[in-house]
Structure formats: C-alpha cells, structure tokens
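>>> this is the structure alone, sequence omitted:
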C-alpha cells in the first residue's frame, strides 16, 4: 500500500475543521510510513506475510502435537487468519486516505475486489485441500467496509466492540438452537444461494457477525500515524496484554465453569470457536504482530525484504499454497511435527524468494493485478 502524500487544499481554519469533520481519516498525519522508497508501508507487508506463513503452518499441520514445540507451532491456529483480516482493515483505511478526494473510487475499488474474491473463494473451496478458504468471508467484509469510510473513529470503535461482544453471543445462540446449522461448514461454489448467504453472515467458518470486529479495529488503527514508535509499541503492549489475559481467563474458566453450561461455551477460547475470549485474544496477538512488524521492517530492511515481498503478493501466495495442497496432499502433509515444520519453512522460504524475485521485475503480483480497479471504473462518478 503506497504512502499517502498530503494533498489537502490550503484554506481557512474553518474550512480545514469542516473538511476534517467530513473526512475523519484525514485528521491524522498524511505520512503513514514507515515506507519503502517506492512508498509502500513495508511493516504492513511484513505483517501480511507473517499471516500467510501462519496460515500455511496451520494448513500443513499437525495441530494436535502436545509437546512444547507442538504447542508453539499451533499458536498460529485461529490467530493467523485474524491477523490477515486486521491488516486488511489497515489497508482499507490507507486506501480511503489515498482516495480522500474521491471516496466513490475507493468504494468501487473495494466492491470490485469483493466481486472477484467471492467467486474465487467459492471455486477454491471445491478443491480437495481440506482448508476452509477465507476469501469468501474476506469478500463480504469488502462489501461492508465501503459503507463505513466516512464513519468517525468513535463509531468505528463502537461497532468493533459490538461485533466482538454481540457477534459471539448471537453465534452461540444459533449454535444452541440449531447445532447442525452452526457447525462452521465450508461454503463452496454450487451451494444454494441461501446457504451461501447464511454461511457468510452467520454460521460459516468466517461469519460476518464476528469477523467484522478485527476488520473495524484495523480500520481504526490505519487512521493513526503508523510511523510513530509510540503507536507501534502500544500495539505490541496492548496486544500482548489482551492475548495473555484471554489465555488466563480461559484457563480459569476451565477450572471454574461446568463444561456443559452456556456460560462455559461463551468462555471457550478454542481457535475459531467465534467466542469472545478467542476473538479478543487472537486479535490481541494480531495487534502485537502488527506493531512489531511496523517497528522492525524499516530497521531490518534487507533481512525482511523477502517477507515484505511475500506480503505484497499475499493473494498469489495464498491461492498457490491451496493449489499445492490440492495437488500433493501426501507430500505436503507428512506425519510428524518436524517434517511438517521443514515443509512449512522450505515452502514459505521458496514463496518469499519467488515473490522477492518477481517484485524486482514487476510492480504487482500475478493475481494482485486483477484487484486493481479497471480504467473505465476509476473515473466514473464522484465522491
């Protein structure tokens, strides 16, 4: 995502104050670094790459190894995907700032991406890779986000809080009323339209009612000065507190709550349970990784360059690893933790080096090119 130059018009103080009220995202400093010489926020790319690495690790597995190393390996489960969505929210905020003179163009860009990602995700779900594809839910979030580009920071945070509390409660109520419907079944091409809509909004692997929370928090974060060390360290500190606090609360809940009660279900911190402790703790972990990435990327430019490139080709890498799992599941899902870790390290290193080589020659990745709004749609209409 390119750094945003300050192009606000010079005018009276009253004009400036009125413009800031109309465009709350522009109230923050326009220079959102840390950025590369090409203008990208490299820390955001690094965080996106770490989300891809985490998802690859989860999809390769195993997740049931109870050794100390196995527990560390499984930490990405239920957290990498939340990081992916949190970073998407930050990117949406930067896109809105880049198009602050023409919000209609920003909305068209997001809706165009949603129109591509929804069928793409549904088609990818038909492959035999054993993964719940996230792109369908991602697309629905891109449908929602344009409606909030003018929303104030206070409203964005309030909606994020509501999604983090009411969303899990609604999901739990649905699961208690209709356990079969709320099993988080994958949503694929060819499913009936009502089932697709129900899965995307309520009952699927990434339901809108809960996954809106990390997206909105990302939008709020993206309106801040991402270059500021104070923000970066605050994300690390607050994220760490939320992650650790949620784990502690879940541990206490296991000891104190009867396992069959609704209260115990609401305190479930199992990855992808859609419950508050998982959602808050996983989002806290995502904040920690994002803050650390924003701090590290400009300070370790050469060391992080391949991962930054991988983050810039995140969609291509995500689709490629699903196709690879479909074509060679036996090879890419070996028995044992250490062989799996070697597969993940070798595979992600290969993707990072390939992405780095590609970015030395081309501005965008093979699939990322399609996410750019076509020329005729860029100029149609005004904000």
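Here it is on my side, so go on. What you see is a predicted model; the values in this text were computed from it and never measured. Residues are numbered from 1 along each chain as shown.
>>> list the buried ones in whichever strand or helix holds residue 167?
Residue 167 is part of helix 153-177 when elements are defined by DSSP states H and E. The neighbour-count check on helix 153-177 (16 or more other CB atoms under 10 Å) flags 156, 159-160, 163-164, 167-172, 174-175 as buried. In short, each C-beta sits where N, CA and C put it, glycine included.
>>> ok, now stretch 97-106?
Neighbour counts using 16+ other CB under 10 Å place 97-100, 103, 105-106 of stretch 97-106 among the buried residues.
>>> same check, this time on stretch 327-340
Quick answer for stretch 327-340 (16+ other CB under 10 Å): 332-334, 337, 340.
>>> ends of it, what's the gap?
Taking CA to CA, to the nearest Å as the measure, stretch 327-340 stretches 17 Å from start to finish.
>>> quick check: mean pLDDT of that stretch?
If you average the pLDDT over stretch 327-340, you get 91.
>>> does residue 216 touch residue 159 like I think?
Yes: assessed by CB atoms under 8 Å, residue 216 is found in contact with residue 159 at 5.4 Å.
>>> residue 297 and residue 197, how far apart?
In this structure, residue 297 and residue 197 are 39 Å apart, going by CB to CB, to the nearest Å.
>>> the longest helix belonging to the chain - contacts with which helices or strands?
For the chain, the longest helix by residue count, based on DSSP state H, is helix 229-256. Contact here means 3 or more CB pairs under 8 Å, 6 or more residues apart in numbering; DSSP states H and E; on that basis helix 229-256 packs against helix 276-296.
>>> tell me how far the helix it packs on lies from the chain's centre.
Remark: helix 276-296 is offset 11 Å from the chain centroid, using CA atoms, centre = their mean, to the nearest Å.
>>> check stretch 78-92 too.
2 Å.
>>> do stretch 206-221 as well
Stretch 206-221 sits 8 Å away from the centroid of its parent chain (CA atoms, centre = their mean).
>>> what does stretch 204-224 give?
In terms of CA atoms, centre = their mean, the centre of stretch 204-224 is set 8 Å apart from its chain centre.
>>> looking at residue 297 and residue 197, which one has more neighbours?
Comparing residue 297 with residue 197 by other CB atoms under 10 Å, the one with more neighbours is residue 297, at 28 against 15.
>>> now that one: how far from residue 50?
Separation of residue 297 from residue 50 (CB to CB): 11 Å.
>>> and for residue 185?
Going from residue 185 to residue 50 by CB to CB gives 28 Å.
>>> just residue 227 next, same as before
Relative to residue 50, residue 227 is positioned 19 Å away (CB to CB).
>>> ok, residue 338 next?
Residue 338 sits 21 Å away from residue 50, going by CB to CB.
>>> mind checking which helix or strand the most centrally placed residue in the chain is in?
For the chain, the residue nearest the mean C-alpha position is residue 85 (1.5 Å; CA atoms, centre = their mean). Assigned by DSSP H and E, residue 85 falls within helix 80-98.
>>> what does residue 220 give?
Residue 220 belongs to helix 208-222 when elements are defined using DSSP H and E.
>>> between helix 80-98 and that helix, find me the angle.
Interaxial angle of helix 208-222 relative to helix 80-98 (axes from the mean of the first three to the mean of the last three CA atoms, to 10 degrees): 50 degrees.
>>> elements contacting helix 208-222?
Other helices and strands packing on helix 208-222, by 3+ CB pairs under 8 Å, 6+ apart, are helix 80-98, helix 135-144, helix 153-177, helix 276-296.
>>> go with 10 Å
Helix 208-222 sits against helix 80-98, helix 135-144, helix 153-177, helix 229-256, helix 276-296, with contacts defined as 3 or more CB pairs under 10 Å, 6 or more residues apart in numbering; DSSP states H and E.
>>> contacts only, for residue 111.
For residue 111, the contact set (CB atoms under 10 Å, 6 or more residues apart in numbering) comprises 139, 142-143, 145-146, 373, 377.
>>> err, residue 167, not the other one
Listed by CB under 10 Å, 6+ apart, the contact set of residue 167 reads 202, 207-213, 274-276, 279.
>>> tell me the one of these nearest residue 112?
Nearest to residue 112 among those is residue 208, at 19.3 Å by CB to CB.
>>> burial measure for the nearest residue to that closest one once chain neighbours are set aside, as a count.
Among residues not flanking residue 208 along the chain, residue 201 sits closest, at 4.7 Å (CB to CB, 6 or more residues apart in numbering). The number of residues packed near residue 201 is 13, by other CB under 10 Å.
>>> quick one: residue 201 from residue 185, how far?
Residue 201 sits 14 Å away from residue 185, taking CB to CB as the criterion.
>>> now residue 353
With distances taken as CB to CB, residue 353 is found 36 Å from residue 185.
>>> go on, residue 196?
Per CB to CB, residue 196 is found 11 Å from residue 185.
>>> what touches both of those two?
The contact sets of residue 196 and residue 185 overlap at residue 204 (CB under 10 Å, 6+ apart).
>>> more neighbours: these two, which one.
residue 196 (18 against 15).
>>> just give the number of residues close to the closest residue to that one other than its chain neighbours.
Nearest residue to residue 196 in three dimensions, chain neighbours excluded: residue 187, at 5.4 Å (CB to CB, 6+ apart). Here the number of neighbours of residue 187 (other CB under 10 Å) works out to 24.
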